[in-house]
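J.: What follows is a predicted structure for the sequence shown.
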Amino acid sequence: MPISNVVELKQVVSRCETAPLRDVAKAIHIKLNLADQNDNEARNHRREAGEMLVTLRKRVEADGQDWWKFAKDYFDRTRKELEKLMYVPASKVAKAAIEANPQKSNRAIAAETGVSKDTIRRAREATGANAPVEKRVGKDGKARKMPEHEQPAKAAQPVAEPREPPKIDMNVIKQAGAFHTELTKYTQEFCARVKSWHATNKIDEESHYCVVQALEMASMRLQQAAQDIDDR
């Protein structure tokens, strides 16, 4: 399908494992162009494009096609740039492999993925997947019982003394209310102006996409600000 707006682009991105190959390639092409045009969101666009490239390559090769011939036909990027975008750190490969098969031994996962056994071990410890299991499957496919390890006794936790509640600063409360009023009023007025402008003017596809993208980016930044101050 043709990708002419943000909604259609998001649909293809969310369905990159099942959407037609040429649609996925076009979505990646758009993502890379957006990264070139927008410094603020370049990292996110390139990250998404890289993840989609990895998925697309697997699908193309599973379809019996030559990946680099396909890439040359659909992307105006060098092979070096595409390889850099598709690079997945060994730690991420290890983490994904452990999450997919936690019952397999470190040696077995290392043999399957090509990642070192030490990297697999560190990833297992970091992801919390190092908890004792009854058996693990080795490289030979045989399941073996894991050795039992004594757990060190936990030290008694000191009882925390009750803290006095923080003093309320009325100026801070007033400032918070002012932020709320200012942002609510501005966004309400701005959205009303944009909707009125869009309804009363004939605009081309590029202008339409430009405004929609700006609104989407503003929404994401406001959401990120909310998550930052809420420690999420």
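T.: All right, it came through fine.
J.: What are the boundaries of the strands in the chain?
T.: 135-137, 143-145 (DSSP state E).
J.: Break this structure down into its domains, please.
T.: 6-86, 90-145, 171-229 (automatic domain parsing).
J.: Now tabulate the ones you listed in JSON lines and tack on mean neighbour count.
T.: In this view, the C-beta of every residue, glycine as well, is placed from N, C-alpha and C. Formatted as JSON lines, those follow (neighbours: other CB atoms under 10 Å):
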{"stretch": "domain 6-86", "mean neighbour count": "16"}
{"stretch": "domain 90-145", "mean neighbour count": "15"}
{"stretch": "domain 171-229", "mean neighbour count": "11"}
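J.: any idea where the helices of the chain begin and end?
T.: 6-14, 21-37, 42-62, 67-74, 79-86, 90-100, 106-113, 117-126, 170-200, 205-229 (DSSP state H).
J.: that older thread, make a markdown table from the domains of the chain and add mean pLDDT to it.
T.: Formatted as a markdown table, the domains of the chain follow (pLDDT from 0 to 100):
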| stretch | mean pLDDT |
| --- | --- |
| domain 6-86 | 90 |
| domain 90-145 | 76 |
| domain 171-229 | 77 |
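J.: one step back: for residue 157, find the nearest of the helices of the chain.
T.: helix 117-126 (23.6 Å; CB to CB).
J.: between that closest one and helix 106-113, how big is the angle?
T.: Orientation check (axes from the mean of the first three to the mean of the last three CA atoms, to 10 degrees): helix 117-126 against helix 106-113 gives 110 degrees.
J.: who touches helix 117-126?
T.: Identification of contacts with helix 117-126 by CB atoms under 8 Å, 6 or more residues apart in numbering yields 90, 91, 94, 95, 97, 98, 106, 107, 109, 110, 113, 130.
J.: Report the separation between the fifth one and residue 104.
T.: The one in question is residue 97. 8 Å (CB to CB, to the nearest Å).
J.: Find the residues that touch each one of those two.
T.: Counting by CB under 8 Å, 6+ apart, the residues touching both residue 97 and residue 104 are residue 112.
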